[in-house]
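Asker: this one's structure only:
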């Protein structure tokens, strides 16, 4: 059974619905940007720049896209504003490809190690624990043996919430009392996973940014103790960001990439926001692939991010 089954009709419908607000906002702004114009000129490009920045793509990434479109207009002699959507679509797809946010047919990376250890990081409130729960549900459904580690020991609610998700998914969880050493929980979790022949280990961590030095030290300690059991752990460090926060997500990405070696991103809550453009800016600025997107409340609404499917859905019926 393929993990996450992204290409199913239901998944495509979930994606379409999940980024509907982003799509509607983007093309409403684009329509205004080219209103009354028959050719792509300096004014249209200025308007397009404003559209992308207001869509939370970010200033640097927006300027990069505008420069590329300017070159194409100059070299290809593309003057028709009706072609602007096609050009924009191609440049967005190219940008995602360059930033290693490509198309995955399956979560094949878990086959590279057993157990495959994932460390999940992110500030409180972004949907970190929920993302872990959804991953656990989908891995378990695909026949994988999953073990969760409740290493966010500073909030009782985090442990309780993760326990609920573990029960819902039908997977085991390692936890200790509130205030326990997070590294000790991580150590116990990977030790139990190795002894119990688990396929996937998912470690939750605290999401505090008020003291960056402590955050860095804590995440480093967690990594180090896990490596005493599994030398190359964690195999993945997944940063969870709330897509609805727009530019705030950039700052969170900046802080966590300084604190630890983030290898993949998950953007949550895209179904409730028009700020889905943040996917483009964050992947471009941090050169970290977006691996998952959250487009709803159900476990199945955590999707593997596919560049081609995302771009197709974003521009569907608008070309």
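Answerer: Thanks, I have it. Since we're looking at a predicted model, the values are computed, not measured. Numbering: from 1, shown residues only.
Asker: Give me the neighbour count for residue 252.
Answerer: 21 (other C-beta atoms under 10 Å). For every residue, glycine as well, the C-beta is placed using N, CA and C.
Asker: what helix or strand does it sit in?
Answerer: helix 247-259 (DSSP states H and E).
Asker: Could I get the buried residue list for that helix?
Answerer: Using 16 or more other C-beta atoms under 10 Å as the test for burial, helix 247-259 gives 248-250, 252-253, 256-257, 259.
Asker: ok, of these, which one's closest to residue 65?
Answerer: residue 250 (16.3 Å; C-beta to C-beta).
Asker: so how far is the helix holding residue 252 off the chain centroid?
Answerer: 13 Å (C-alpha atoms, centre = their mean, to the nearest Å).
Asker: Then stretch 233-250?
Answerer: When C-alpha coordinates are averaged (C-alpha atoms, centre = their mean), stretch 233-250 and its chain have centres 6 Å apart.
Asker: Between the buried residues of helix 247-259, which sits nearest residue 173?
Answerer: residue 256 (23.8 Å).
Asker: returning to that earlier point: looking at the buried residues of helix 247-259, which one is closest to residue 298?
Answerer: Using C-beta to C-beta, those come closest to residue 298 at residue 249, 22.7 Å.
Asker: Just the pLDDT for the closest residue to the closest one other than its chain neighbours.
Answerer: Leaving out its chain neighbours, the residue that sits closest to residue 249 by C-beta to C-beta, 6 or more residues apart in numbering is residue 241, at 4.3 Å. The model reports residue 241 with a pLDDT of 94.
Asker: ok, and for the strand or helix carrying residue 241, which residues are buried?
Answerer: Taking DSSP H and E as the criterion, residue 241 maps to strand 236-242. Neighbour-count burial for strand 236-242, counted by 16+ other C-beta under 10 Å, picks out 236-242.
Asker: Check which helices and strands the helix or strand hosting residue 183 sits against.
Answerer: For residue 183, the host element (DSSP H and E) is helix 182-195. Judged by 3 or more C-beta pairs under 8 Å, 6 or more residues apart in numbering; DSSP states H and E, helix 182-195 is in contact with strand 116-121, strand 146-150, strand 172-174, strand 200-204, helix 212-227.
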